[in-house]
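**Student:** Structure for this input, please:
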Amino acid sequence: MLFQIAWRNIWRNKSRSLVVIGSIILGVWAGIFILAFIWGLYQNNINESVFKQLSHIQIHHPTFLEENDSKYALSNSNEIVNSLKADNRIASVSSRVIATGMISSPTTASGVKIYGIHPNSEITQIALNESVKEGAYFDSGKENELLIGEKLAKKLKIKLKSKVVLTFSNVESEIVSGAFRIGGIYKTKNSSLDEVNVYVQQNYLRKLLELDASKTNEIAVLIKDEGQLDSIKKYSLALVSGSKIEDWKELSPELGMIIESFNLYTYILTGIILLALTFGVINTMLMSVLERIRELGMLMAIGLNKRKIFLMIMLETFYLTLVGCPIGLFIGWLSVTLLGKTGINIAMFSEGLQSYGFNSMIYPSLENENYIIIGGMCLITAILSAIYPAYKALQLNPSEAIRKI
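**Tutor:** Residues are numbered from 1 along each chain as shown. The predicted model follows:
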């Protein structure tokens, strides 16, 4: 009986009830959309970092990352690479020789990180060939060909076929230089890396460094299923004992922190939106109580106890939320699903985004557990919002309330 009365009460003033329901729908949708957009932005950055830069796993000599010195290299690198390639859980493996030095053009110079690569390996590893905007991807057949970032090329005021000089230390800590010709200019979604990373033929860089053919500074591994990341790390550690093996979360701790703290962001952002919604619900329900003072006084006078009055007001608020919340969740899910396929183009901010490694096309997405969190928080908010109006109803004196005009 009480449930039926509460349901009928919310439709006595349809306009007001629909405004509250609309507010709930809008609040829930806004919470879902904002979280999905943020997660899509983060996922975009993670994918760009993993598939275009870091790979899932990197293997180094224990001292290499601390000293950034080419002499700290992994031995028997060819055997390691072949063993990893034989594992059907692994999608791609590439070895890299790395040096830190200076690049000089006729006008200026800049510090760079020099990657000596096998071009074919990096096609499957980080799809480096897809980022080439001018020239070609190591197809001249010349050993001194160099691939340079667009931002760095502008800084050095050079173009295709320009000659540059790379200067760095070899494994004997002697300063060496090599002349290179610009064979291609690339541009990725991370302009800050484009300004410091250059790519050359591995064999030629190895020759300049005087590094043994069996040694390499870095082995990058791309896996098929990220759920097997830990098991592949353990396998790699057994294969390359004494080396330093790190996954992308360890190589870029800020990305790992984003994933771990996203649920916290869910609670905070949803809480802020629902807090604003709470005041609207409290105001509406308080108005409803004050308009029905005489009616509530009559109900108390004929024997409806305060507990039932309190429950009735709570039920009215709960019903409003029960109508609005599922609709908001559905519209939010539908928006995320559709936009997750078409994407949101924010090209107007592309220059700023690229400096932080973000793509201008964002694909919103959200895990099912986040919908549950938002729905649960919405219902809790409704219950908390109803307490004060229900408490005010309990303060009414039946004899005074009946005479209220």
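
**Student:** If you tally nearby residues, what's the number for Ala109?
**Tutor:** Applying other C-beta atoms under 10 Å, we find 14 residues neighbouring Ala109. C-beta coordinates here come from the backbone N, C-alpha and C atoms, glycine included.

**Student:** Local confidence estimate at the nearest residue to it once chain neighbours are set aside?
**Tutor:** Leaving aside its sequence neighbours, Ala109 sits nearest to Met102 (C-beta to C-beta, 6 or more residues apart in numbering; 5.3 Å). The predicted structure scores Met102 at 97 on the pLDDT scale.

**Student:** can you count the residues close to Met102?
**Tutor:** For Met102, the neighbour count with other C-beta under 10 Å is 14.

**Student:** what sits against it?
**Tutor:** 109-112, 166-168 (C-beta atoms under 8 Å, 6 or more residues apart in numbering).

**Student:** Filter those residues down to the buried ones, ChimeraX style.
**Tutor:** ChimeraX command restricting the contacts of Met102 to the buried ones, with burial defined by 16 or more other C-beta atoms under 10 Å:
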select :112,166,168
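
**Student:** Just give me the residue closest to the centre of this protein.
**Tutor:** In the chain, the C-alpha closest to the average C-alpha coordinate belongs to Tyr42, at a distance of 1.5 Å (C-alpha atoms, centre = their mean).

**Student:** Spit out the contact partners of that one.
**Tutor:** 258-259, 262.

**Student:** Turn those residues into a markdown table, including secondary structure.
**Tutor:** Written out in a markdown table, the entries for those read as follows (DSSP: H, G, I helix; E, B strand; the rest coil):
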| residue | secondary structure |
| --- | --- |
| Ile258 | helix |
| Ile259 | helix |
| Phe262 | helix |
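
**Student:** Just the buried ones from these, in ChimeraX syntax?
**Tutor:** Selecting only the buried members of those in ChimeraX, with burial defined as 16+ other C-beta under 10 Å, works like this:
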select :258,262
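
**Student:** returning to that earlier point: the residue nearest to the centre of the chain and Tyr137, how far apart?
**Tutor:** Taking C-beta to C-beta, to the nearest Å as the measure, Tyr42 and Tyr137 are separated by 30 Å.

**Student:** can you check Lys159 too?
**Tutor:** 17 Å.

**Student:** The two: which is more packed in?
**Tutor:** Relative neighbour count places Tyr137 above the other of Lys159 and Tyr137, with 20 against 12, counting by other C-beta under 10 Å.

**Student:** And that one, its phi and psi?
**Tutor:** When quoted as degrees, to the nearest 10, the phi and psi of Tyr137 stand at phi -100, psi 90.

**Student:** try Lys163
**Tutor:** Taking degrees, to the nearest 10 as the convention, Lys163 sits at phi -100, psi 130.

**Student:** By mean pLDDT, which helix or strand of the protein comes out lowest?
**Tutor:** Least confident helix or strand, the chain: helix 350-354 with a mean of 59, by mean pLDDT, DSSP states H and E.

**Student:** ok, which stretches of the chain are strands?
**Tutor:** Assigned strands in the chain, in chain order: 57-60, 90-104, 109-117, 132-135, 145-149, 163-169, 175-186, 197-201, 218-223, 244-247, 344-345, 361-362 (criterion: DSSP state E).

**Student:** Please work out which of those strands is packed deepest.
**Tutor:** With neighbours defined by mean count of other C-beta atoms under 10 Å, none of the strands of the chain is more surrounded on average than strand 145-149, at a mean of 25.

**Student:** tell me what it is packed against?
**Tutor:** strand 163-169, strand 175-186, helix 191-194, strand 197-201 (3 or more C-beta pairs under 8 Å, 6 or more residues apart in numbering; DSSP states H and E).

**Student:** Let me see the mean pLDDT of the third one.
**Tutor:** Along helix 191-194, the predicted local confidence has a mean pLDDT of 86.

**Student:** Then the first one?
**Tutor:** Taken as a whole, strand 163-169 has an average pLDDT of 96.

**Student:** Dump it to PDB, restricted to CA.
**Tutor:** In PDB, the C-alpha atoms belonging to strand 163-169 read as follows (Å, rounded to 0.1, in the frame of the first residue of the first chain):
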ATOM      1  CA  LYS A 163      74.000  15.800 -44.900                       C
ATOM      2  CA  VAL A 164      74.300  15.600 -41.200                       C
ATOM      3  CA  VAL A 165      77.000  14.500 -38.800                       C
ATOM      4  CA  LEU A 166      76.400  12.300 -35.700                       C
ATOM      5  CA  THR A 167      78.900  12.500 -32.900                       C
ATOM      6  CA  PHE A 168      79.000  10.100 -30.000                       C
ATOM      7  CA  SER A 169      81.200   7.800 -27.900                       C
END
